[in-house]
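**Q** prediction below, plus the sequence it came from.
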Amino acid sequence: MTVQDIHPSVAAMEIVCAETAAPPTAMVVFGASGDLVTRKLLPSLAQIQERGLLSEHFCLIGCGRTEYSDEQFRRIARDALGEYAKGIPHDTAASFVEKLYYVSGDYNDPTLYQRIKDRLAELKHRHDVHGCDVFYLAVPPVLYGSISEHLGAAGLSCKDQPDCHQQARLVVEKPFGRDLASATELNRVLDKWFKEEQIYRIDHYLGKETVQNLMIFRFANGLFEPVWNRSHIDNIQITIAETLGVEHRASYYDQSGALRDMFQNHMLQMLALVAMEPPSSFDADRVRDEKAKLLRSIRPFQLDAWNSPFVRGRYGAGVVNGQEVPPYRDEPGVAADSITETFVAARLFVDNWRWKDVPFYLRTGKRLARKSTEIAITFKQVPHSLFGSVGLDELPANILVFRIQPEEGMSLHFQAKRPGSKICMGTLNMSFAYKDIFNADMPEAYERLLLDCMTGDQTLFTRFDAVDLAWRLLTPVLDAWHDGKTPLPEYPAGSESFPQADALPAADGHRWRRL
Ligand SMILES: NC(=O)C1=CN([C@@H]2O[C@H](COP(=O)(O)OP(=O)(O)OC[C@H]3O[C@@H](n4cnc5c(N)ncnc54)[C@H](OP(=O)(O)O)[C@@H]3O)[C@@H](O)[C@H]2O)C=CC1
Ligand SMILES: O=C1O[C@H](COP(=O)(O)O)[C@@H](O)[C@H](O)[C@H]1O
């Protein structure tokens with residue numbers, strides 16, 4: 001099927017749809033028995049194969065403390081594909097699992113890495129892989145540093161070779177540290193054995209099609225960029241609302257909270273993409289330079305108790321999607337004296353020529369009324385109403401909404417003439433949904449990211465300067481919240497919002513959009 005068959009309005013795009021196939025690759029995945037690997041990584045790799053983009057010369061070694069034979073690991077993979085990659089044809093699944101192997105051992109035992117090295121050599125020979133080794137750390141973050149050290153000490157990182165990024169890459173999951181000091185220390189360890197161009201720090205939001213659309217929309221159109229500034233934009237809201245609670249992840253989440261889990265990474269990355277200057281090219285480092293410049297321009301936070309730009313909250317008991325759910329404090333694994341937030345909202349300013357004094361409102365929370373991730377750009381009102389009895393207050397502002405998920409798409413709200421009297425008008429919503437136009441399920445973010453990692457494209461991965469800047473920015477907030485003196489109001493699970501969160505935009509005469 002060609003793109004023209006999908007919809008006439010996308011016909012002209014076909015030339016840019018060509019996808020780069022992955023070159024021969026050998027992948028080693030640590031934490032292979034875990035949730036991320038079975039639910040996301042293996043299904044995404046199988047999907048890449050189904051799209052004809054995985055090299056025939058590919059093999060994957062799963063690694064972990066759990067003792068599996070190759071056959072047992074393949075059985076787990078088969079089950080995972082059955083559950084999480086339902087559209088994959090049987091033949092694809094069967095040929096994909098044939099490329100999987102397993103090595104068990106203790107992550108702190110140097111002999112494990114020697115065995116991995118030997119097995120890699122044997123399997124690369126068997127599968128004729130003349131290409132890069134990708135080491136994927138899908139383990140708890142406390143292990144990122146030590147596994148990297150062992151890989152380096154075993155000679156697997158190749159840092160001292162001029163084309164090291166073509167020989168070995170390291171994929172690091174989030175979170176990258178839990179504050180500035182731990183992130184800096186982790187990076188110091190990684191940097192000892194891997195060059196920055198070998199390190200792929202995952203932020204899975206960057207792999208979402210609708211997040212990538214921010215760059216295409218802004219920089220492949222002439223219409224919007226001229227009005228993308230303080231002269232025309234009144235305010236910007238970024239929302240990630242979830243209906244999920246902490247689920248089975250309290251051991252991680254209760255030590256983390258919404259600020260570390262969502263705000264430091266996904267929210268600031270989306271903010272950077274919306275607000276950055278145009279990069280000179282779509283090259284990884286040019287894009288990442290601009291994102292870092294933007295993060296550097298965010299005005300440092302003044303956390304005065306009477307006018308704090310940050311609000312936190314945590315969910316109490318309530319009803320979500322018709323189901324009664326317990327309060328956060330009663331979730332299994334949450335500490336009795338927990339002061340972890342499940343909601344954070346902030347108002348921030350970007351002190352540069354383009355954005356001076358335009359408020360950016362950001363919020364994210366668990367157990368809210370609906371799942372909704374969106375970025376809403378509200379433009380300034382017309383300066384004067386020339387429509388007689390229709391006052392300025394009655395002319396709503398234009399709003400451009402990027403619907404990141406679910407119901408991925410975009411909409412533009414504007415006034416238009418309604419049939420009727422001479423000044424009869426109404427707000428129209430010009431809307432496009434990915435599923436209507438492109439007639440396909442949205443690819444899983446990990447498909448994009450795994451493919452890019454294999455092809456050596458770092459554009460959608462976070463460079464350390466951005467990680468460092470984000471932690472620096474949030475350090476005063478983490479410090480202020482640490483002592484437990486900052487209010488932590490409870491919102492009923494299933495809420496749209498709550499008074500303390502509403503007060504944030506209300507102080508500037510704005511309000512949150514409905515979820
Ligand atoms: N799951 C998800 O959706 C997401 C996960 N991530 C990140 O990806 C990484 C992996 O996540 P996930 O798969 O959920 O993690 P899991 O808790 O499922 O752990 C993965 C594997 O690591 C090993 N492991 C677990 N705990 C320990 C421990 N204390 N010491 C040594 N090994 C341990 C286990 O394998 P074995 O016992 O066989 O060694 C386990 O199967 C984490 O860093 C997480 O933050 C990021 C975004 C989403
Ligand atoms: O990174 C994380 O993201 C998920 C939300 O991801 P989404 O793709 O479903 O929007 C969040 O639930 C989780 O707490 C966090 O670690």
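**A** Okay, I see it. Ligands and ions are numbered 1, 2, ... in the order given.
**Q** the residue in the stretch 251-400 of the chain that ligand 1 sits nearest to in helix, strand or coil?
**A** Per Cβ to the nearest ligand atom, the residue of the stretch 251-400 of the chain with the smallest distance to ligand 1 is residue 252, at 6.2 Å. (C-beta placed from N, C-alpha, C; glycine too.) Of the three states, residue 252 takes helix under DSSP: H, G, I helix; E, B strand; the rest coil.
**Q** ok, and the closest non-adjacent residue to it?
**A** residue 140 (7.6 Å; Cβ to Cβ, 6 or more residues apart in numbering).
**Q** and the closest residue to residue 303 other than its chain neighbours, how far is that from ligand 2?
**A** Closest residue to residue 303 apart from its sequence neighbours, by Cβ to Cβ, 6+ apart: residue 480 at 4.9 Å. Distance, residue 480 to ligand 2, by Cβ to the nearest ligand atom, to the nearest Å: 22 Å.
**Q** and residue 480, how far from ligand 1?
**A** Look at residue 480 and ligand 1: by Cβ to the nearest ligand atom, they are 25 Å apart.
**Q** would you agree that residue falls within a strand?
**A** No: secondary structure of residue 480 (three-state DSSP): helix, not part of a strand.
**Q** go ahead and confirm it touches residue 302.
**A** No: judged on Cβ atoms under 8 Å, residue 480 makes no contact with residue 302 at a distance of 10.7 Å.
**Q** the two: who's more crowded?
**A** residue 480 (16 against 9; other Cβ atoms under 10 Å).
**Q** list the residues that contact the residue in the chain positioned nearest to ligand 2.
**A** The minimum distance from the chain to ligand 2, using Cβ to the nearest ligand atom, falls at residue 261 (4.8 Å). Applying Cβ atoms under 8 Å, 6 or more residues apart in numbering to residue 261 gives the contacts 175, 253.
**Q** give me the pLDDT value at it.
**A** pLDDT for residue 261: 96.
**Q** check residue 25 too.
**A** On the pLDDT scale, residue 25 gets 98.
**Q** do residue 442 as well
**A** pLDDT, residue 442: 84.
**Q** ok, now residue 474?
**A** As predicted, residue 474 sits at a pLDDT of 97.
**Q** now it, what's its secondary structure?
**A** Residue 474 ends up helix, using three-state DSSP.
**Q** and the nearest residue to residue 462 once chain neighbours are set aside, how many residues sit next to it?
**A** Leaving aside its chain neighbours, residue 462 sits nearest to residue 201 (4.3 Å; criterion: Cβ to Cβ, 6+ apart). For residue 201, the neighbour count with other Cβ under 10 Å is 22.
**Q** just residue 118 next, same as before
**A** Residues lying near residue 118 (other Cβ under 10 Å) number 11.
**Q** what helix or strand is it located in?
**A** Using DSSP states H and E, residue 118 maps to helix 110-126.
**Q** list the buried residues of that helix.
**A** For helix 110-126, a neighbour-count test (16 or more other Cβ atoms under 10 Å) marks 112-113, 115-117, 119-120, 123-124 as buried.
**Q** so is that helix next to ligand 1?
**A** No: counting by Cβ under 6 Å from any ligand atom, ligand 1 is not contacted by helix 110-126; separation bottoms out at 10.7 Å.
**Q** quick one: list the elements packing against that helix.
**A** Secondary-structure packing of helix 110-126 (3 or more Cβ pairs under 8 Å, 6 or more residues apart in numbering; DSSP states H and E): strand 25-30, strand 58-64, strand 100-104, helix 144-153.
**Q** got the contact list for the residue in the chain that ligand 1 sits nearest to?
**A** Closest to ligand 1 within the chain is residue 34: 2.4 Å, counting by Cβ to the nearest ligand atom. Residue 34 makes contact with 64, 138-139 under the criterion Cβ under 8 Å, 6+ apart.
**Q** phi and psi next, for the residue nearest the centre of the chain.
**A** The residue lying closest to the centre of the chain (Cα atoms, centre = their mean) is residue 205, at 1.8 Å. Reported as degrees, to the nearest 10, the phi and psi values for residue 205 are phi -60, psi -30.
**Q** equivalent analysis for the one 4 residues further on, please.
**A** For residue 209, the backbone dihedrals (degrees, to the nearest 10) come out as phi -60, psi -40.
**Q** just residue 380 next, same as before
**A** phi -70, psi 150.
**Q** gap between it and residue 412?
**A** For residue 380, the distance to residue 412 (Cβ to Cβ, to the nearest Å) stands at 15 Å.
**Q** which residues in the stretch 401-515 of the chain form helices?
**A** 434-438, 445-455, 464-482, 499-506 (DSSP state H, counting those that start in this stretch).
**Q** where in the stretch 401-515 of the chain is pLDDT low?
**A** 439 (pLDDT under 70).
**Q** name the residues of it found near ligand 1, please.
**A** Counting by Cβ under 6 Å from any ligand atom, no residue of the stretch 401-515 of the chain is near ligand 1.
**Q** give me the beta-bridge partners of residue 344?
**A** residue 312, residue 364 (DSSP bridges).
**Q** hang on, it packs against residue 264?
**A** No: at 10.0 Å, residue 344 and residue 264 do not qualify as touching, with contact defined as Cβ under 8 Å.
**Q** let me know the pLDDT of residue 15.
**A** 48.
**Q** so who does the closest residue to residue 457 other than its chain neighbours touch?
**A** Leaving aside its chain neighbours, residue 457 sits nearest to residue 284 (6.3 Å; criterion: Cβ to Cβ, 6+ apart). Neighbouring residues of residue 284 by Cβ under 8 Å, 6+ apart: 457-459, 461.
**Q** over to residue 434?
**A** Residue 434 sits next to 209-210, 408-409, 442 when contact means Cβ under 8 Å, 6+ apart.
**Q** same thing but 10 Å
**A** Contact analysis of residue 434 by Cβ atoms under 10 Å, 6 or more residues apart in numbering lists 209-210, 213, 403, 405, 407-410, 440-442.
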